[in-house]
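1. Output the structure for:
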Amino acid sequence: MVMSLSRPTESDQLARGPGFGRAEHVASRIAGALLTAGLLVLSFPSPDQGWLAWVALVPLLLACQGLGLLAAGALGLLCGFAAAFGIFGWLFEVPGFGMHHAVLLAVYVALYPAAWCAGLPALSRARLPLLITAPALWVVLDYVRAHAGFLALPWATLAHSQHENLAVLQVASITGEYGVTFLVVMASVAIADLVVRRAWRSVLIAATAIGLAHAAGAPVLARPDRTAPVQVAVVQPNIQVEERRTAAGRTVTLDRLERLTRAAAASRPAVIIWPETAVWDLSRDPALVERLHGLADAAETPLIVGASEVVKFAPEQEGVMVRTRSHNSAYFVEPRRPLGEPYRKIRLVPFAEYRPLEEIIRWPEWLVPRVHTMTAGEVQQQFSLSDGARIGVLICWENLFADFVRPAVRDGAQLLVQLTNDAWFGRTAAPRQHNLASVLRAVENRTPIVIASNTGPSQIIDPYGRVVSNIPALFSEEVAADAVPLGSGGTPYTRFGDFFALAALAWLALGVIVRAVHRFSVREADSRADAGVRAISKSAHQ
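-> Predicted structure coming up:
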């Protein structure tokens with residue numbers, strides 16, 4: 001056993017950490033949980049001190065020392081609740097988002113660290129090595145959080161905090177972001193074990209694993225890329241919410257988009273990307289289509305244009321009036337070619353673009369206000385450049401989901417573009433936090449990603465997670481352009497997916513089963529021994 005967080009007994013060999021003994025006041029444990037919450041908040045933008053993530057869980061681990069399942073889970077819930085308010089505080093910028101929404105979100109997000117803390121005593125009692133099983137449990141919970149249906153929210157994961165630690169980040173090309181998360185949690189477990197038991201062996205093992213990850217990643221970053229580069233340009237137009245609501249405002253923004261696009265064309269890019277919902281109802285506005293084609297012809301460059309789209313359709317039933325569907329779309333406007341079919345956003349934002357399970361659950365208006373319902377697309381449409389290079393499109397938060405991005409690369413995408421509009425969140429950390437996931441997606445699939453953000457920061461990210469071009473200022477009108485190597489067909493992670501997370505689950509399940517079988521065998525042996533002793537005693541008595 002590497003570290004035990006179960007209730008101490010007379011036979012325990014575990015040394016008590018200073019200030020976290022069995023008789024310590026509850027206030028000290030609460031302070032430890034809140035300290036971890038603070039360190040987690042500081043690990044993400046802003047202030048984006050990712051190095052703190054390597055030690056962030058230490059106070060929480062020490063606070064859970066000697067507690068049972070419920071008490072440890074309560075500390076994890078408190079930690080997660082406080083961290084959620086710090087990380088997701090930008091949601092208060094969204095119109096209609098109130099304190100009751102924030103509390104519900106924080107409670108939900110906190111369930112995951114609560115489950116992790118509650119699992120620690122169980123793993124310790126099972127005599128499983130926490131240096132391995134504690135990170136494995138965190139990875140499994142992260143996987144669940146990313147696949148929880150309409151409650152899925154893989155935002156600000158521990159791996160995201162390492163977006164500037166490029167050497168260690170390269171392990172994601174094999175394990176996905178879960179491998180990075182595993183190493184970050186392992187560091188905290190090793191340090192806590194050192195504090196509690198003076199166990200230098202745990203620190204040595206963790207340092208070796210983390211050092212090897214850095215050592216393996218460094219030469220990958222230094223290796224010259226042999227794939228052909230492509231010049232790309234992104235337009236950041238800074239379209240305000242008020243400008244979208246009037247015809248005059250939309251005319252002004254279109255003029256601005258044209259001006260910035262002409263500036264972007266000066267770098268002779270292979271494609272120019274506009275952000276999410278840059279224009280309205282493109283397919284039903286012939287004049288707008290003609291204007292965009294004229295712009296593409298003049299620039300001699302195709303445009304990828306984000307558009308709000310309304311599509312009429314006739315239901316299959318006879319006698320029913322024609323209805324409309326709304327889509328969040330991306331169009332490919334090519335010089336001297338007709339407008340083709342768009343990509344329509346598939347992963348919609350629950351409670352913002354649709355109300356989940358509305359046909360089953362009657363959501364109260366105070367909890368889930370009625371929204372303008374969008375319709376999800378059905379296929380991951382890709383666009384092709386003149387040289388045959390293929391572009392996969394992500395809209396808004398689709399970049400958060402590794403299992404959504406990976407199939408696009410597997411299907412041939414050599415360049416990914418992410419169209420987003422984070423204007424709703426004002427001058428907060430939300431846009432920067434949002435972009436972190438794209439760094440991981442680029443590394444996981446060795447495929448560059450261009451982030452076209454309406455209000456910033458727009459970025460061009462190479463296949464190794466390096467931000468090669470950046471518009472750092474929020475709410476600015478600018479252009480970014482640079483050359484990035486095209487993706488070369490993916491990585492082991494692209495091909496095999498989340499095997500690391502599933503292996504972590506299998507490891508935990510196997511460990512628990514082996515321990516249960518062992519305990520059952522010991523009880524059976526003890527029972528037989530007791531029966532033998534009773535038989536001998538009875539024979540001697542006779």
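2. Which residue is the nearest non-sequential neighbour of the most centrally placed residue in the chain?
-> Residue closest to the average C-alpha location in the chain (C-alpha atoms, centre = their mean): P154, at 3.8 Å. For P154, ignoring the flanking residues on the chain, the nearest one in space by C-beta to C-beta, 6 or more residues apart in numbering is A146 at 3.9 Å. For every residue, glycine as well, the C-beta is placed using N, CA and C.
3. Would you quantify the distance from the one you found to V241?
-> Distance, A146 to V241, using C-beta to C-beta, to the nearest Å: 30 Å.
4. same check, this time on A437
-> From A437 over to V241 (counting by C-beta to C-beta), the distance is 24 Å.
5. which residues in the stretch 351-500 of the chain form helices?
-> 402-410, 430-445, 492-496, 499-541 (DSSP state H, counting those that start in this stretch).
6. Lowest average pLDDT across those helices?
-> Mean pLDDT is lowest for helix 499-541 out of the helices of the stretch 351-500 of the chain, coming in at a mean of 72.
7. Give the helix, strand or coil label for S329.
-> Put simply, S329 is strand when judged by DSSP: H, G, I helix; E, B strand; the rest coil.
8. wait, doesn't it sit right on I346?
-> No - S329 is beyond contact range of I346, at 11.1 Å (criterion: C-beta atoms under 8 Å).
9. With neighbour numbers in mind, choose between these two.
-> S329 (27 against 17; other C-beta atoms under 10 Å).
10. Distance check, that one against A102.
-> 31 Å.
11. same check, this time on L288
-> L288 sits 39 Å away from A102, going by C-beta to C-beta.
12. ditto for A56
-> A56 sits 22 Å away from A102, going by C-beta to C-beta.
13. For the two, work out which one has more neighbours and name it.
-> More crowded of A56 and A102, by other C-beta under 10 Å: A56, with 26 against 16.
14. Which residue, other than its chain neighbours, is closest to that one?
-> Nearest to A56 is L39, by C-beta to C-beta, 6+ apart, at 3.8 Å.
15. Next, the buried residues of the host helix or strand of the one you found.
-> Taking DSSP states H and E as the definition, L39 sits inside helix 26-42. Using 16 or more other C-beta atoms under 10 Å as the test for burial, helix 26-42 gives R29, G32, A33, L34, L35, T36, A37, G38, L39, L40, V41, L42.
16. So the nearest residue to the fifth one once chain neighbours are set aside: helix, strand or coil?
-> Closest residue to L35 apart from its sequence neighbours, by C-beta to C-beta, 6+ apart: P59 at 4.1 Å. Three states are possible here, and by three-state DSSP the one that applies to P59 is helix.
17. dump the residue contacts of P59.
-> A31, G32, A33, L35, T36, L39 (C-beta atoms under 8 Å, 6 or more residues apart in numbering).
18. got the contact list for F425?
-> For F425, the contact set (C-beta under 8 Å, 6+ apart) comprises W90, L91, E93, V94, P431.
19. can you do 10 Å?
-> Applying C-beta atoms under 10 Å, 6 or more residues apart in numbering to F425 gives the contacts W90, L91, F92, E93, V94, P431, Q433, H434, T455, L474.
20. what pLDDT does it get?
-> For F425, pLDDT reads 93.
21. how far away is it from V180?
-> From F425 to V180 the distance is 26 Å (C-beta to C-beta).
22. Sketch out the strands for this structure, chain order is fine.
-> In the chain, strands defined by DSSP state E lie at 229-236, 271-273, 279-280, 303-313, 323-333, 343-344, 382-384, 390-395, 415-420, 449-453, 458-461, 467-471, 478-485, listed in chain order.
23. So which elements touch the third one?
-> It stands for strand 279-280. Contacts defined by 3 or more C-beta pairs under 10 Å, 6 or more residues apart in numbering; DSSP states H and E place strand 279-280 against helix 247-265, helix 286-299, strand 303-313.
24. May I have the strands that pair with that strand, each with its orientation?
-> strand 303-313 (parallel) (DSSP bridges).
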